[in-house]
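Visitor: Let's see this in three dimensions:
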Amino acid sequence: MLKALNDHLSANYGLGTYAVTWRLPTVWLDYALIDERRLKRAEVEAEAARFLAVVPGIHTVFTRTQLQNGWVPPTRLGLLASRSWNSERSGDLLLIQKDGWYFSELPSGMSAMHGTPWTYDARVPVVFMGSPWVRSGTYAQAAEPADIAPTLAFLLGVPPPSGSEGRVLREMLR
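Guide: Below you'll find the model as predicted:
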């Protein structure tokens, strides 16, 4: 995939290795090469995203420019992409594979990796214990890992962490 992407970008912008690394789920671009060629980073990102969007198994591609500027669709997928991307550590193209697809350089026995937004891969149990604060039971309300920190902060009587986006799981509290 990386070779095909580089061939495509080379055909558009001149010979070069524009996409230097792919570590699921992101691709890193060579901004030194892009800048040296006096190309617009956002334009190269967008062209790479257009190419990757039609690769079998790819559902969506978000670019660094989209994620950095909050230009993602106001959908569940857009929210999850924004939450999983970090401007200092993440790559330049965030690839979301199609439901049921798994990308790997080598064959393996893995069928899920907890790195996709699809239910079979993203569902994890959240368990709280601790009488007298927690009511025993099973709850049908949706809960996410992002809800753990605000709930613990509430129980401890401290403010939730800066940037916390989850909710307090009040339904399970006494």
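
Visitor: hey, let's count contacts and neighbours off CA atoms from now on
Guide: OK.

Visitor: what's the closest residue to residue 93 other than its chain neighbours in contact with, if anything?
Guide: The shortest distance from residue 93 to any non-neighbouring residue, by C-alpha to C-alpha, 6 or more residues apart in numbering, is to residue 63 (4.6 Å). Going by C-alpha atoms under 8 Å, 6 or more residues apart in numbering, residue 63 touches 42, 45-46, 49, 92-94.

Visitor: So which of these are in helices?
Guide: Those of those mapping onto helices are 42, 45-46, 49, per DSSP state H.

Visitor: Write a PyMOL command that selects only the buried members of those residues.
Guide: In PyMOL, a selection of the buried entries from the ones in helices among the contacts of residue 63 looks like this (16 or more other C-alpha atoms under 10 Å):
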select buried, resi 45+46+49
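
Visitor: Could you report the neighbour count for residue 139?
Guide: Residue 139 is flanked by 10 other residues according to other C-alpha atoms under 10 Å.

Visitor: just residue 55 next, same as before
Guide: Applying other C-alpha under 10 Å, we find 13 residues neighbouring residue 55.

Visitor: Same check on the one 10 residues further on?
Guide: With neighbours defined by other C-alpha under 10 Å, the count for residue 65 comes to 18.

Visitor: for residue 160, what are its contacts?
Guide: Shown in contact with residue 160 (C-alpha under 8 Å, 6+ apart): 149-150, 153-154.

Visitor: got the buried residues for the lowest-mean-pLDDT helix or strand in the chain?
Guide: Within the chain, no helix or strand scores below helix 119-122, which has a mean of 73 by mean pLDDT, DSSP states H and E. Neighbour counts over helix 119-122 (16+ other C-alpha under 10 Å) mark no residue as buried.
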